[in-house]
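# Need the 3D shape of this:
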Amino acid sequence: MTFNPIRWLERYVEWWDDRGRRNPDGPTPMQVYWMWVIWSACGVMLVSALAIAAG
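Model (predicted):
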């Protein structure tokens, strides 16, 4: 199975859209804050792993 980032992104957007429809009041500021923290941590780890692999 090859990783297709475009397809994955489409599915993620669809899931997010569906989630938003079922929860119309939307996420709380705290949930948004933690989402950014988690995504940032994942991004840092991914970049570090790529840097180590490239080095």
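
# For stretch 29-45, C-alpha coordinates in CSV please.
Taking C-alpha atoms only, stretch 29-45 is exported to CSV below (Å, rounded to 0.1, in the frame of the first residue of the first chain):
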residue,chain,number,x,y,z
PRO,A,29,-10.9,26.9,22.3
MET,A,30,-9.2,24.4,24.5
GLN,A,31,-9.7,21.6,22.0
VAL,A,32,-8.3,23.8,19.2
TYR,A,33,-5.3,24.7,21.4
TRP,A,34,-4.5,21.0,22.1
MET,A,35,-5.0,20.1,18.4
TRP,A,36,-2.3,22.7,17.5
VAL,A,37,0.0,21.4,20.3
ILE,A,38,-0.4,17.8,19.1
TRP,A,39,0.0,18.6,15.4
SER,A,40,3.1,20.7,16.2
ALA,A,41,4.6,17.9,18.2
CYS,A,42,3.9,15.4,15.3
GLY,A,43,5.4,17.8,12.8
VAL,A,44,8.6,18.3,14.9
MET,A,45,9.0,14.5,15.3
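
# secondary structure class for residue 3?
Classification of residue 3 using DSSP: H, G, I helix; E, B strand; the rest coil returns coil.

# what's the burial count for it?
Residues within reach of residue 3, counting by other CB atoms under 10 Å, total 6. To be clear about C-beta, it is placed using only N, CA and C from the backbone, and glycine gets the same treatment.

# confidence score at it?
In this model, residue 3 is scored at 74, pLDDT.
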